[in-house]
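**Q** below are the sequence and a predicted model; questions follow.
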Amino acid sequence: MSEVATHDDHHDHVPSGIGRWLFSTNHKDIGTMYLIFSLVMLFLGGASAMVMRMELFFPGLQIVDPDTFNNLVTNHALIMVFGVVMPAAAGMANWMIPIMIGAPDMALPRLNNLSFWLLPMAGIMLILSMVVSYLPGTGGQVNTGWTLYPPLSVQAGMGMDFVIFTIHILGISSILAAINIVTTIVNMRAPGMTWFKLPLFVWSWFFTGLLLIMIMPVLAGGVTMLLFDRHFGTAFFDAAGGGDPVLFQHLFWFFGHPEVYVLLLPSIGVLGLVIPTFSRKPLFAYKPLVWFMAMLTALGMVVWAHHQYTIGMSLGVTTYFMIGTILISIPVGMMLMSFIFTMWRGSMTFETPMLFGIAIILMFSFAGVTGVMLAVVPADLQYHDSYFVVAHFHYALIPGALFGLYAGVFYWLPKWTGHMYDEKLGKIFFWWTTIGFNVTFFPQHFSGLAGMPRRIVDYSPQFAEFNFISSVGAMAFGLSHLLFLYIIIKTIRGGEKAPDNPWEGSQIGTVGLEWNLPSPPPFHSFTTPPTIK
């Protein structure tokens, strides 16, 4: 990049140094920036979780006051959802989708640059929402949780306005990125790359993009109405003025539930590459998997009010949401079965990406079971707002979203950096983080069933043991990410040079560094026995 070709006035100047990154329209550079941003935010969001778990080590108030604790709950969720998982998945999409479909770049390269650079702005505004609350006369902390329910959010201080604008900027970024990705997939596939030859990762992002385009404007509308209630005398959510606070819950969860699938789908796409590669077999039931993704996308849009069973909906409405939610377990279960059948009788090896893949299948299944429990109305009335729900969604989002991203990072690091990562360290990271995760969140099922409410700074001594175990696990889980950072830096700086096909013998009949098995695979590509090192 540093060498600029001799050119006349008609040629584009290739920027170097900081200009290369600021003004980049190159999908790989932008993908790299997304991934770096996500890594920085992972440590910020993780630090807020560490402080919360330190506070919950023992009953009583340890290190933070209740308002600060609630603010940490709010920021931890917003950072993890909007600052970590979505940008990391978008970074992988930027890097890999043009390569996978044979496109020279994304369809809208300058828009791509804009959608990335909105993210650091939003991140700064989110941090400012914490900072301004400590200034005198600004109305205190944003202590609503990430759901921002009124009347709490209508009465909160100036920090709330920063959060509302943060969400607007994040929403614009997501919509622009989604439009770009969907346009690229629809219009820029290489000749012969038909829809049912797309790798599963590309399909997963096609559905993710469609979801984002449909749901983000609804959240934007909801927080805009909130802003108007706060400053312009309207009463959308104020019962005293004829409004309805429950309306905000509907608007929020119409976004919030499909958002879960926005976080999960890209990781399912990564699994669709990792599992076949290390099983040395073509993906089992490729076409049905695509249709199950479509079914998941459609069902995910119409079950939002299962987050609101306790608001007093009619029997007919709650029954509809209950049945719809239970039905979601069908496409999810079929996807997991497809991955299990892909591994069945394969020549499996257990490199780090594959270990994460197997862990996802095991632990995400657990989230599915607790999800069906929460879907059933009479049971959910007992579990609602307890730590059982916290345990459920962390089992959905950490294995389902975060571990999928880890699998993708280790799978593609050789391609991104040109170097092989340290396999031994990768495996240590896998076991450390997996054990830490389970020690943290498994006990929370029990404290929730015993009646411990979520989002509280203090608790009854009867829950002390479970919280102590959970906090010890959280410290281990958090610290494991320092090793993750070390592995990445070490790989970027050097190491064994990545061969043309880093996962040797994993995909017979495919050559070159792309190593994306066109699914279904080329005819007769598995007639020769695989060579296994």
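**A** Yes, it's here.
**Q** flag the shaky bits of the stretch 401-533 of the chain, pLDDT-wise.
**A** Within the stretch 401-533 of the chain, the segments meeting pLDDT under 70 span 504-533.
**Q** other SSEs contacting the helix or strand hosting F437?
**A** Assigned by DSSP states H and E, F437 belongs to helix 423-449. When contacts are defined as 3 or more Cβ pairs under 8 Å, 6 or more residues apart in numbering; DSSP states H and E, helix 423-449 sits against helix 352-375, helix 387-397, helix 404-417, helix 464-493. (Each C-beta comes from the backbone N, C-alpha and C, glycine too.)
**Q** what would the ones you listed look like in JSON lines with mean neighbour count and distance to Y149?
**A** Output for the helices and strands packed on helix 423-449, formatted as JSON lines (neighbours: other Cβ atoms under 10 Å; distance: least, Cβ to Cβ, whole Å):
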{"stretch": "helix 352-375", "mean neighbour count": "20", "distance to Y149": "19"}
{"stretch": "helix 387-397", "mean neighbour count": "22", "distance to Y149": "15"}
{"stretch": "helix 404-417", "mean neighbour count": "24", "distance to Y149": "29"}
{"stretch": "helix 464-493", "mean neighbour count": "17", "distance to Y149": "25"}
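**Q** out of those helices, which is closest to L315?
**A** Of all those, it is helix 352-375 that lies closest to L315, at 15.8 Å by Cβ to Cβ.
**Q** and the nearest residue to G333 once chain neighbours are set aside, what does it touch?
**A** Among residues not flanking G333 along the chain, G368 sits closest, at 6.7 Å (Cβ to Cβ, 6 or more residues apart in numbering). By Cβ atoms under 8 Å, 6 or more residues apart in numbering, the contact list for G368 reads S329, V332, G333, L336.
**Q** name the element F207 belongs to?
**A** Secondary structure from DSSP H and E places F207 in helix 200-231.
**Q** next, the angle from that helix to helix 404-417.
**A** Angle of helix 200-231 versus helix 404-417, following axes from the mean of the first three to the mean of the last three Cα atoms, to 10 degrees, is 120 degrees.
**Q** in helix 200-231, which residues are buried?
**A** Across helix 200-231, burial judged by 16 or more other Cβ atoms under 10 Å covers 200-212, 214-216, 218-220, 222-223, 225-227, 229-230.
**Q** can you list the weak-confidence ranges in this structure?
**A** Low-confidence segments of the chain (pLDDT under 70): 1-14, 504-533.
**Q** now do 90
**A** 1-20, 133-141, 156, 191-192, 281, 346, 494-496, 498-533 (pLDDT under 90).
**Q** burial count for the residue lying closest to P98 once chain neighbours are set aside?
**A** Nearest residue to P98, sequence neighbours excluded (Cβ to Cβ, 6+ apart): H27, at 5.2 Å. Using other Cβ atoms under 10 Å, H27 has 23 other residues around it.
**Q** likewise the one 10 residues further on?
**A** When neighbours are defined as other Cβ under 10 Å, F37 has 21 of them.
**Q** what comes up buried for the host helix or strand of it?
**A** Assessed by DSSP H and E, F37 sits inside helix 27-55. Neighbour counts using 16+ other Cβ under 10 Å place 27-35, 37-39, 41-42, 44-46, 48-53, 55 of helix 27-55 among the buried residues.
**Q** thinking again about what came up before, relative to helix 464-493, how tilted is the helix holding F437?
**A** Per the same axes, to 10 degrees, the angle that helix 423-449 makes with helix 464-493 is 150 degrees.
**Q** so how far is helix 423-449 off the chain centroid?
**A** A distance of 18 Å separates the centroid of the chain from that of helix 423-449, by Cα atoms, centre = their mean, to the nearest Å.
**Q** what comes up buried for that helix?
**A** Buried, per 16+ other Cβ under 10 Å, within helix 423-449: 425-426, 429-430, 432-434, 436-448.
**Q** do stretch 111-128 as well
**A** The neighbour-count criterion (16+ other Cβ under 10 Å) identifies 111-113, 115-119, 122-123, 125-126, 128 as the buried residues of stretch 111-128.
**Q** related to what we said a few turns ago, show me what the helix or strand following the helix holding F37 is packed against.
**A** Downstream of helix 27-55, the first helix or strand assigned by DSSP H and E is helix 66-78. When contacts are defined as 3+ Cβ pairs under 8 Å, 6+ apart, helix 66-78 packs onto helix 27-55, helix 109-132, helix 158-187.
**Q** which of the buried residues of stretch 111-128 sits closest to V372?
**A** Looking across these and measuring by Cβ to Cβ, the closest to V372 is L126, at 33.8 Å.
**Q** verify the stated contact: T166 with L126.
**A** Yes. T166 is within contact range of L126, at 4.6 Å (criterion: Cβ atoms under 8 Å).
**Q** any common contacting residues for these two?
**A** With Cβ under 8 Å, 6+ apart as the test, T166 and L126 both reach L78.
**Q** follow-up on the earlier one: which of the contacts of G368 count as buried?
**A** Neighbour counting with 16+ other Cβ under 10 Å marks V332, L336 as buried within the contacts of G368.
**Q** ramachandran angles for K497?
**A** Phi and psi for K497, reported as degrees, to the nearest 10, are phi -70, psi 140.
**Q** same deal with P453?
**A** The phi/psi pair for P453 (degrees, to the nearest 10) is phi -70, psi 150.
**Q** residues contacting it?
**A** Residues in contact with P453 (Cβ under 8 Å, 6+ apart) are D385, S386, Y387.
**Q** how far away is it from D422?
**A** 43 Å (Cβ to Cβ, to the nearest Å).
**Q** residue contacts, the residue lying closest to Q308 once chain neighbours are set aside?
**A** Counting by Cβ to Cβ, 6+ apart, Q308 lies nearest to Q249, which is 5.3 Å off, once chain neighbours are set aside. Residues near Q249 by Cβ under 8 Å, 6+ apart: T147, Y149, H307, Q308, I311.
**Q** which of those lies closest to I172?
**A** Checking these one by one against I172 (Cβ to Cβ), the nearest turns out to be T147, at 20.9 Å.
**Q** wasn't the closest one part of a strand?
**A** No. Read with DSSP: H, G, I helix; E, B strand; the rest coil, T147 is coil and lies in no strand.
**Q** which residue packs closest to it, ignoring adjacent ones?
**A** F252 (5.8 Å).
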